[in-house]
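[1] A structural model of the following input is requested.
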Amino acid sequence: MAPINGSGSSQSILTPNKEQVTTLWFIGGYLLGILILWQMPILKHLLYPFKLVTIGLHEFGHACMACVSGGKVKSITVDPNLGGLTTYVGNRRTQCLALPAGYLGSSLLGGILVFCGFNVTASKGAAIMLILCLVLTMFWARNLLAFGICLFFAAIVGFLWWLDGGKYLKYFTLFLGVMSCIYSILEILDMLVLRKSNGSDAEQFAEKYGIFPAQGWGFIWLLVSLLFLVGAILAGLAAFKDDGSGSSSNSSNGN
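    Numbers count the residues shown, from 1 in each chain. From the prediction side, this is the model:
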């Protein structure tokens, strides 16, 4: 049964309470800010370190799936011109699973961070997961930029965990989650609209496995990435009706 508010009317589990409305405003603000700054001259450089870390997480997605599917990761590199490369060895199954795991893996990780960003306690759990991902990326890193950007963000997450009992950690993990999802979505849109498919993950996947052209696979990955983001927001609304910081935020005010 749906919960009943003080006026006696039924209330959907997805109806946001006061704390969740604030979180939704943050998500909307992050989305708008990222979209505005993405290609804006000069100001786009504000996103540069965040783009680098999301590239690192993209490459981690490739590397993680390569390991899970029986392959072996040789290296991860991040290019200062906002490119990345993961080299691994494995069989045909490894390649089939690892190629789409860059965009899909980073957008899934972003969705988890957005979901956990609705709750302080959950954001601490997400921070542990994020630090683990960054440390593993550092382990596989074979250039200083990849190692340095992961170390830098792991240090920021650790500092925010310590600062004021982790009060601000949720907003940082929320931003990284939105950034990771949006990065995947915008990169795939670039490929679909501007036809930047040469050398892309989708181009390689289409060459090896066919069925759809690169843009077709990109469109499928785009839909999945959007599903991760929207699903994370809906799941966060349903799961976290208090902020996890020891105080409840309830939209019901009747007895």
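
[2] so where do the strands sit in this structure?
    Taking DSSP state E, the strands of the chain run over residues 72-79, 83-89.

[3] which of the ones you listed is buried the deepest?
    strand 72-79 (a mean of 19; mean count of other C-beta atoms under 10 Å). Bear in mind the C-beta positions are built from the backbone N, C-alpha and C, glycine included.

[4] burial measure for Leu189, as a count.
    Neighbour count for Leu189, taken as other C-beta atoms under 10 Å: 14.

[5] does it really touch Leu222, like I thought?
    Yes. Assessed by C-beta atoms under 8 Å, Leu189 is found in contact with Leu222 at 6.8 Å.

[6] turn the strands of the chain into CSV, including mean pLDDT and distance to Phe240.
    Shown next, in CSV, are the strands of the chain (pLDDT from 0 to 100; distance: least, C-beta to C-beta, whole Å):
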stretch, mean pLDDT, distance to Phe240
strand 72-79, 92, 33
strand 83-89, 90, 33
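
[7] centroid residue for this protein?
    Nearest residue to the geometric centre of the chain (C-alpha atoms, centre = their mean): Gly110, 1.6 Å.

[8] tell me the confidence at it?
    For Gly110, the pLDDT comes out at 93.

[9] that one and Leu229 touch, don't they?
    Yes. Counting by C-beta under 8 Å, Leu229 is a contact partner of Gly110 at 7.1 Å.

[10] any common contacting residues for those two?
    178, 181 (C-beta atoms under 8 Å, 6 or more residues apart in numbering).

[11] for the residue nearest to Cys181 when sequence neighbours are not counted, give me its contacts.
    Distance criterion C-beta to C-beta, 6 or more residues apart in numbering; nearest residue to Cys181, sequence neighbours excluded, is Gly110 at 3.8 Å. Gly110 makes contact with 176-184, 228-229, 232 under the criterion C-beta under 8 Å, 6+ apart.

[12] save the strands of the chain as a markdown table, and put in distance to Lys18 too.
    What follows is those, written out as a markdown table (distance: least, C-beta to C-beta, whole Å):
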| stretch | distance to Lys18 |
| --- | --- |
| strand 72-79 | 40 |
| strand 83-89 | 40 |
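
[13] for Ile13, find the nearest of these.
    Ile13 sits nearest to strand 83-89 of all the strands of the chain, at 39.0 Å, using C-beta to C-beta.
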